[in-house]
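Peer 1: Output the structure for:
(chains A and B)
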Amino acid sequence: EAQVTQNPRYLITVTGKKLTVTCSQNMNHEYMSWYRQDPGLGLRQIYYSMNVEVTDKGDVPEGYKVSRKEKRNFPLILESPSPNQTSLYFCASSSYRDGYTFGSGTRLTVV
Amino acid sequence: ILNVEQSPQSLHVQEGDSTNFTCSFPSSNFYALHWYRWETAKSPEALFVMTLNGDEKKKGRISATLNTKEGYSYLYIKGSQPEDSATYLCAFHSGTYKYIFGTGTRLKVLA
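Peer 2: Here you go, the predicted structure:
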């Protein structure tokens, strides 16, 4: 089954404790992206990747890092999480022509 | 700053009613317009990817039209059913690697 697998689904952490949200796709898509969803603001792009070792900032990249060492994986790293990063996060991949396939989402709470 | 607006923000319709909503986007540098359906507690799912001015796409009771010259797209649902209740998102793609999402139209179909 074609899918984007995102883990974990839920995460509660403390301020400053580094965390990684994993994302993996099995569709051989070149393009992958991370979004955050906050009430009233819509989906905002954090980072995207056009291919292996090629990444770029989206609209809200501050406080986040990404890497794309393999085509299928695109982890999101929060080096020092803060409460304003409490949000619902989605990973997505695309063939660039067919629209996004989204992961199941990660609800992150930073206390 | 590129802006994508959707209207209305929310609406309630009776089962069997037909309804439509609007996505407005920049009329310059157009590459594609995506529509997604997002049910509560799930991930957004792609409905349509529209690329040509005058495009009309249909999937069951849902259809969409595109006017790139004036920068709008309409999504229509014919004979709404309770299972159509969801948030409908549009996303503007300018041909760069960034997608800009609207904040969505939340549809509730009352049985």
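Peer 1: Can you list the residue ranges for strands in chain A?
Peer 2: A:4-7, A:10-13, A:19-25, A:31-38, A:42-51, A:54-57, A:65-66, A:76-78, A:87-94, A:100-102, A:106-110 (DSSP state E).
Peer 1: I'd like those written out as TSV, with distance to chain B and mean neighbour count added.
Peer 2: Where you see a C-beta, it was placed from the backbone N, CA and C, and this is true even at glycine. Shown next, in TSV, are these (distance: least, C-beta to the nearest C-beta, whole Å; neighbours: other C-beta atoms under 10 Å in any protein chain shown):
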stretch	distance to chain B	mean neighbour count
strand A:4-7	8	19
strand A:10-13	12	13
strand A:19-25	12	19
strand A:31-38	7	23
strand A:42-51	4	20
strand A:54-57	7	16
strand A:65-66	13	18
strand A:76-78	16	19
strand A:87-94	7	24
strand A:100-102	4	24
strand A:106-110	10	18
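Peer 1: how about CSV for these, with distance to B:A64 and mean pLDDT added?
Peer 2: Output for the strands of chain A, formatted as CSV (distance: least, C-beta to C-beta, whole Å; pLDDT from 0 to 100):
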stretch, distance to B:A64, mean pLDDT
strand A:4-7, 24, 97
strand A:10-13, 34, 96
strand A:19-25, 26, 98
strand A:31-38, 22, 95
strand A:42-51, 19, 93
strand A:54-57, 29, 94
strand A:65-66, 32, 98
strand A:76-78, 31, 98
strand A:87-94, 18, 96
strand A:100-102, 16, 94
strand A:106-110, 30, 97
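Peer 1: Columns distance to B:G104 on top of those strands, output as a markdown table?
Peer 2: Listed next are the strands of chain A as a markdown table, based on distance: least, C-beta to C-beta, whole Å:
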| stretch | distance to B:G104 |
| --- | --- |
| strand A:4-7 | 20 |
| strand A:10-13 | 23 |
| strand A:19-25 | 22 |
| strand A:31-38 | 10 |
| strand A:42-51 | 7 |
| strand A:54-57 | 24 |
| strand A:65-66 | 25 |
| strand A:76-78 | 23 |
| strand A:87-94 | 13 |
| strand A:100-102 | 14 |
| strand A:106-110 | 18 |
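Peer 1: Alright, that wraps it up for me.
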